[in-house]
Structure formats: structure tokens, C-alpha cells
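**Q** A predicted structure for the sequence below; I have some questions about it.
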Amino acid sequence: GDSVTQMEGPVTLSEEAFLTINCTYTATGYPSLFWYVQYPGEGLQLLLKATKADDKGSNKGFEATYRKETTSFHLEKGSVQVSDSAVYFCALSDYNFNKFYFGSGTKLNVKP
Amino acid sequence: EAQVTQNPRYLITVTGKKLTVTCSQNMNHEYMSWYRQDPGLGLRQIYYSMNVEVTDKGDVPEGYKVSRKEKRNFPLILESPSPNQTSLYFCASSPGLAGVYEQYFGPGTRLTVT
């Protein structure tokens, strides 16, 4: 079945460091891919998405490119801030766009 | 304010005592869904609904029931809760298909079953 695998955390970085969080997927057909972010004590919020191969999603300085050949959707940011500290979830929706599969989440700690 | 609300936010109950967690959205969204969040497992989809009276199973539906009699409400029912259903539960809604539109999440319900 469909699934998402993302790198284990926590990831600890200093402010202004470069961020990469790896995400790979297994899916039938052509899924849509997402990154959601969860701040402490809150529900999830959509960070960015990509709906077809080679699409690049971007928002708030974060980027991820839908790579069909490597079944990956890695999250990157050039310069992280303390306010980026949160848990990041990679997710996919199946070809019917109804079922959703999330990765296990990666906690990011950014130190001043 | 556009939002998804869940009640209760915290619940401690005993094995076998039926409970309902309510979810309501005020955005006239067609799609609604329930997830559970467990450490190391991320979020797993329990049930989803594409419209009134249309529901389907997600990845982990066992031990749960749902209904969608009105567009705004999507309650989650645990007929006979067990300790392995102790978890953090999130309701979400979307204007249309969740793979096309953003999902908006509620604040979560922390359930403990003893």
C-alpha cells in the first residue's frame, strides 16, 4: 500500500543554518505530495504541496520538489529561524485524492 | 472566524464506555476526515467523508464509527473504547478533495482510555 518515510528526528540546527528533511514515498499511480507543519500544542497547517512530477512547492522560504524518478519530496530551507522550530510531516494523497498518508514526523529545533 | 472545532479537548475514560468526539466546521467544506496521532507513527487516517451521507474507511478504521448527517458535523464514535485507542485525535476539513485542496485541522482531542 501507499506509505511515506521521512528522516528520524530530532534535528537541531543553529539559526541561519541550511535545512534538509528527507522524505520518500511509495504509491500507486500519481499521488499529490505535501508538507504540513505542527507548532507546539496546535493542529497541523499546510506548508506547501506539489501535485505532479517536477513541480516545486514553496512557501515562507521552504521548498520541496516532486521527484518521481527517486520517489522523493525533500524539504529544504536556506536559512532557518528560531520560529521554524516545529514538527514537520511529509504526506501524500492517493490517486483518488481521498485517502491521506503521513510520515512519522521530524522535530526541528532551531537554537539562537 | 473560519475554524474546525473539536470537543472535548481532553477526555479520560474507562474501557468499554461508549464515547463521542464531536467535530464541527463553519467553512461549508465538503470533505472531512479523522486522524489519530501516535508517537513514532505520525498521523493515520481513520475515516473520511466526501459529503453528507458519504463516508469511507481510512487506514485504521477498526474500533471506530462515524456519521455525516449534516455538512458541518462529523462526529467520531468509539462504541467500546480500549486502551490501544489512547491517542491524540485530529479532525480536518477541506473545500473539496483533500489531495487537491488544503486540509484545515482542528486543535486536537487527547483521549486516554484506562
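**A** Looks like it came in fine.
**Q** Does stretch B:41-51 reach chain A?
**A** Yes: applying Cβ under 8 Å from any Cβ of the partner chain, one finds stretch B:41-51 touching chain A at B:41-45, B:48, B:50. (C-beta placed from N, C-alpha, C; glycine too.)
**Q** For the residue lying farthest from the centre of chain A, list the residues it contacts.
**A** Farthest-out residue of chain A from its mean C-alpha position, per Cα atoms, centre = their mean: A:Pro112, at 23.0 Å. By Cβ atoms under 8 Å, 6 or more residues apart in numbering or on different chains, the contact set of A:Pro112 is A:14-15, A:82.
**Q** B:Pro61: which of the residues of stretch B:41-51 next to chain A is nearest?
**A** Distance ranking of the residues of stretch B:41-51 next to chain A against B:Pro61, using Cβ to Cβ, places B:Gln45 first at 8.7 Å.
**Q** just the CA coordinates of the strand or helix carrying the closest one, formatted as PDB?
**A** Using DSSP states H and E, B:Gln45 maps to strand B:42-51. Only the C-alpha atoms of strand B:42-51 are listed here, as PDB (Å, rounded to 0.1, in the frame of the first residue of the first chain):
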ATOM      1  CA  GLY B  42       2.700  10.200  12.600                       C
ATOM      2  CA  LEU B  43      -0.900  10.700  11.700                       C
ATOM      3  CA  ARG B  44      -3.000   7.900  10.500                       C
ATOM      4  CA  GLN B  45      -6.400   8.400   8.800                       C
ATOM      5  CA  ILE B  46      -9.300   6.700  10.500                       C
ATOM      6  CA  TYR B  47     -12.300   7.700   8.300                       C
ATOM      7  CA  TYR B  48     -13.100  10.400   5.800                       C
ATOM      8  CA  SER B  49     -16.300  11.800   4.300                       C
ATOM      9  CA  MET B  50     -16.600  13.400   0.900                       C
ATOM     10  CA  ASN B  51     -20.100  14.800   1.500                       C
END
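**Q** I appreciate the help and will end here.
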